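S.K.: Turn this into a structure:
(chains A, B, C and D)
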There are 2 protein chains.
Amino acid sequence: MLTNRQELILKLIVEEYIKTAEPVGSRTLSKLVDFSPATIRNEMADLEDLEYLEKTHTSSGRIPSDKGYHYYIEKILNDSSAYQKGFNVIDELFENTDVKREEAIKQAMNLLSQLTNYTTVALGPAAYGSRVKKIELVPLHTDVCLLLVITNMGHVESKQIIIPENTSLDEMKRVIEIFNDVLFDCPISKVSEKLRYEINTTRVKEMMVYNQTIIDTFLDAFTKFTQSKYYLSGQSNMLYQPEFNNIERLRELLSFFEKNDIFQLVENTENQGVTIRIGKENELVAMRDCTVITVPYQMNDEESGTIAIVGPTRMEYKRVIPLIKYLAAHMSKLYKE
Amino acid sequence: MLTNRQELILKLIVEEYIKTAEPVGSRTLSKLVDFSPATIRNEMADLEDLEYLEKTHTSSGRIPSDKGYHYYIEKILNDSSAYQKGFNVIDELFENTDVKREEAIKQAMNLLSQLTNYTTVALGPAAYGSRVKKIELVPLHTDVCLLLVITNMGHVESKQIIIPENTSLDEMKRVIEIFNDVLFDCPISKVSEKLRYEINTTRVKEMMVYNQTIIDTFLDAFTKFTQSKYYLSGQSNMLYQPEFNNIERLRELLSFFEKNDIFQLVENTENQGVTIRIGKENELVAMRDCTVITVPYQMNDEESGTIAIVGPTRMEYKRVIPLIKYLAAHMSKLYKE
DNA sequence: GTTAGCAATCGAGATATAAGAGTGCTAAAC
DNA sequence: GTTTAGCACTCTTATATCTCGATTGCTAAC
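M.R.: Okay, the predicted model is just below:
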């Protein structure tokens, strides 16, 4: 357990380092607080022994360790001190309820990355829970149709299909009718299971006569729903962080964002509420000196997702944590109403 | 007009510089060709007077100027020397005709950026020419419907609408019927015009009774078609080009890609066939030491777009130009069949 | 027209130096 | 016992200086 003065000094070091990105020395600190540099040096040595602080070299000032940041976030930053800056901008964004769900998420992520100057990621909402509402067939040309699958959440996926040689449009329509009967109200995640189960019933067998691959075409359209989509914003913000001021590191970082590995960022965060992973706690090598904060949001009973923010470990926690929480809460609330 | 020997030396300098990214000196060159360094120096001085070459400082080797690259591309690289490397990979990609149009374009761009190590952009296909095939209304809940607009090209846009207070579902269906009558086979680009024109007919007036904003909702769904979408691939490839080996330049470049200014890359290239803009010819400051090559593709009578590749002026033209042309031709051909 | 030779130029890298910031420790002051 | 002043020591950063090598332009010889 830290003494009050140790806590104070840790707090000041963290905040000073966050501000300047330079190791903090005893002289600098003595200007912010009423102890002599020597006293502060003693405390710093203790905090270093306790692994809350680190040195970059023998005669440098101190920087917070991963553990130090954690202490700062959990013990020193209590929610009561929550910053409210930027909240009004978020409120404004959500006043316009007219935009489409997906668009709203994108806008929210753009806003968050602009407000914080870090990189933001939105995952989902995964639509595992939504159900088949209607399947439609729209003829485009003589032999090409558009297959539409619509869910109860208003999502639509489409796929063009070619009508098999010796099949009439009426027959195709009959097939769609059967599919509608069989799949209506079926959760998207259960579609393939259901089809496999029903494959032995007469009705489904009937359409197999027309085309073996028609079921594959269907499954294809359905899997699109379950693919969780992600949206990335403010990648290039990383370029402005002094800790990434070298090409090697930038290559690693930006290549990571460009690959589709971003899902890994939020791995194992489901059902955990807000997670804050600092530095090496991220198992991803590319994130070794970054902090990743993830917050889940719940759009409705059937759809949920995660938003995340990525920045250097030297992140403005005081401002960022309330912001991302507020945003996630807002996203959840909006669609609950 | 250049002499044969001048052309040879220009060619060798361009190719050597493309390979090494280092200014090319007379000694290096004398190993590739059977003249003494002094002779080559004389020729280089002449080529510099003619502005095909440049020096980075008084006693450095030569690098090609923008003009030098142009001469190289247009006069020295004739089509007969076209490289065929990578063509087979493109053929392979297009063998799988099963994928959706949009997905195919994405894959093609990914492939191109992988093959070349430059950044690629696909614009479009803009759907200005496609026509309204069908408008549908799918009830989701008691008071929410999904409005679907389907074009003859098989594109779908959807928008959720709330049924106005004192309106029944049947009435809404009637409205959709009217819209279908009025807008069927109407080119997407003409929809708003048509609606404005028809607004005075009795039938359209009839639905205005229900809700003033319903037309706006419609127009909203339509404008989505006309928004040309773009896809960017291989941004981080730029990080590996030695000319962008400094943070300042990278910031500028990647911020440019992240902004939605990418449309500007292909501005004024429509109907011009293949365009090659080298260095300062690009009016965009961020592209001052880049080459942007754009090639149009024609998906069908009603849809066309542009693909582009962005790299340093020191680009592997010999390999890249045939590749991008071949790819565009392939994209055009595939959908013509 | 071509080439060898040579002084001059410039960049890149190595080395040296100085300045400045910070530490840890000891001993004195509170 | 706690706090502080003083001081030698360490390490980084910036700057200046130097050398080395690559390359050029020019002149004169081939």
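
S.K.: Tell me the first helix or strand C-terminal of the lowest-mean-pLDDT helix or strand in chain A.
M.R.: Ranking every helix and strand in chain A by mean pLDDT, DSSP states H and E puts helix A:202-208 at the bottom, with a mean of 63. Counting by DSSP states H and E, the next helix or strand C-terminal to helix A:202-208 is helix A:214-226.

S.K.: What residues sit buried inside that following helix?
M.R.: Under the neighbour-count criterion of 16 or more other CB atoms under 10 Å in any protein chain shown, helix A:214-226 has A:214, A:215, A:217, A:218, A:220, A:221, A:222, A:224, A:225 buried. All C-beta spots, glycine's among them, are computed from the backbone N, C-alpha and C.

S.K.: what's the distance between the second one and residue B:278?
M.R.: It stands for residue A:215. Applying CB to CB, to the nearest Å, the value for residue A:215 to residue B:278 is 52 Å.

S.K.: do the fifth one as well
M.R.: Distance of residue A:220 to residue B:278, computed by CB to CB: 43 Å.

S.K.: Give me the contact list for the helix or strand containing residue A:45.
M.R.: Here residue A:45, judged by DSSP H and E, is contained in helix A:37-49. Residues outside helix A:37-49 that contact it (CB atoms under 8 Å, 6 or more residues apart in numbering or on different chains) are A:2, A:5-6, A:9-10, A:13, A:26-27, A:29-30, A:33, A:53-55, A:62, A:68.

S.K.: Equivalent analysis for stretch A:182-189, please.
M.R.: Defining contact as CB under 8 Å, 6+ apart, one finds that stretch A:182-189 is touched by A:127-135, A:151-152, A:191, A:194-195, A:198, A:203-204, A:222, A:225-226.

S.K.: pretty sure residue A:314 contacts residue A:16?
M.R.: No - contact criterion CB atoms under 8 Å: residue A:314 and residue A:16 do not qualify, at 10.7 Å.

S.K.: returning to that earlier point: so how far is the helix holding residue A:45 off the chain centroid?
M.R.: Mean-position distance between helix A:37-49 and its chain equals 39 Å (CA atoms, centre = their mean, to the nearest Å).

S.K.: One more: stretch A:311-321?
M.R.: With CA atoms, centre = their mean, you get 16 Å for stretch A:311-321.

S.K.: Ok, stretch A:23-31 next?
M.R.: Computed by CA atoms, centre = their mean, the chain-centroid distance of stretch A:23-31 equals 37 Å.

S.K.: Confirm residue A:137 sits in a strand?
M.R.: Yes - looking at residue A:137 with DSSP: H, G, I helix; E, B strand; the rest coil, it is inside a strand.

S.K.: contacting residues around residue A:253?
M.R.: Taking CB under 8 Å, 6+ apart, we find residue A:253 in contact with A:238, A:244, A:286.

S.K.: List just the nearest of the residues you listed to residue B:142.
M.R.: Proximity of the contacts of residue A:253 to residue B:142 was ranked by CB to CB; the top entry is residue A:238 with 47.0 Å.

S.K.: Can you classify the closest one by secondary structure?
M.R.: Here residue A:238 is recorded as helix under three-state DSSP.

S.K.: looking at it, it is touching residue A:244, isn't it?
M.R.: Yes - with contacts counted by CB under 8 Å, residue A:238 reaches residue A:244, the gap being 5.5 Å.

S.K.: phi, psi of residue A:161?
M.R.: Note on residue A:161: its backbone torsions stand at phi -130, psi 150 [degrees, to the nearest 10].

S.K.: Flag every residue of chain A that's near DNA strand D.
M.R.: By CB under 7 Å from any atom of the strand, the residues of chain A that approach DNA strand D are A:35, A:36, A:37, A:38, A:39, A:42, A:57, A:58, A:59, A:60.

S.K.: for chain A, what spans make up the helices?
M.R.: Listed in chain order, the helices of chain A (DSSP state H) span A:4-20, A:26-32, A:37-49, A:66-71, A:87-95, A:101-116, A:169-183, A:191-198, A:202-208, A:214-226, A:247-258, A:317-336.

S.K.: Just the CA trace of the shortest one, in CSV.
M.R.: I take that to be helix A:66-71. What follows is helix A:66-71, C-alpha atoms only, in CSV (Å, rounded to 0.1, in the frame of the first residue of the first chain):
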residue,chain,number,x,y,z
ASP,A,66,2.7,-0.6,-16.9
LYS,A,67,2.0,-1.4,-13.2
GLY,A,68,2.3,2.3,-12.4
TYR,A,69,-0.3,3.2,-15.0
HIS,A,70,-2.6,0.6,-13.6
TYR,A,71,-2.3,2.0,-10.1
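
S.K.: Now do it: distance to the chain's middle.
M.R.: That offset, for helix A:66-71, works out to 23 Å (CA atoms, centre = their mean).

S.K.: Show me which residues of it are buried.
M.R.: Residues of helix A:66-71 classed as buried: A:66, A:68, A:69, A:70, A:71 (neighbour count, 16+ other CB under 10 Å).

S.K.: of the residues you listed, closest to residue A:234?
M.R.: Proximity of those to residue A:234 (CB to CB) peaks at residue A:69, which lies at 21.3 Å.

S.K.: So that closest one is in contact with residue A:17, correct?
M.R.: No - counting by CB under 8 Å, residue A:69 does not reach residue A:17; the two are 9.7 Å apart.

S.K.: wait, doesn't residue A:312 sit right on residue A:290?
M.R.: Yes - contact status for residue A:312 versus residue A:290: in contact at 6.0 Å, counting by CB under 8 Å.

S.K.: between the two, who's got more neighbours?
M.R.: More neighbours surround residue A:290 than the other of residue A:312 and residue A:290, with 26 against 18 (other CB atoms under 10 Å in any protein chain shown).

S.K.: who touches that one in this structure?
M.R.: So residue A:290 contacts A:279, A:282, A:310, A:311, A:312, A:313 (CB under 8 Å, 6+ apart).

S.K.: How many residues are close by the nearest residue to residue A:93 once chain neighbours are set aside?
M.R.: With CB to CB, 6 or more residues apart in numbering or on different chains as the criterion, residue A:93 has its nearest non-adjacent residue at 5.7 Å, and that residue is residue A:111. By other CB under 10 Å, the residues close to residue A:111 number 20.

S.K.: go on, residue A:180?
M.R.: Other residues near residue A:180 come to 15 when the count uses other CB under 10 Å.

S.K.: now the closest residue to it other than its chain neighbours: how far from chain B?
M.R.: Spatially, and ignoring its direct neighbours in sequence, residue A:180 is nearest to residue A:135 (5.1 Å; CB to CB, 6+ apart). According to CB to the nearest CB, to the nearest Å, residue A:135 stands 11 Å off from chain B.

S.K.: thought residue A:135 was touching residue A:151?
M.R.: No - with contact defined as CB under 8 Å, residue A:135 does not reach residue A:151; the gap is 10.5 Å.

S.K.: Write out the residues of the stretch 1-150 of chain A neighbouring DNA strand C.
M.R.: Residues of the stretch 1-150 of chain A lying near DNA strand C by CB under 7 Å from any atom of the strand: A:23-28, A:37-38, A:41, A:44-45, A:48, A:55, A:58-62.
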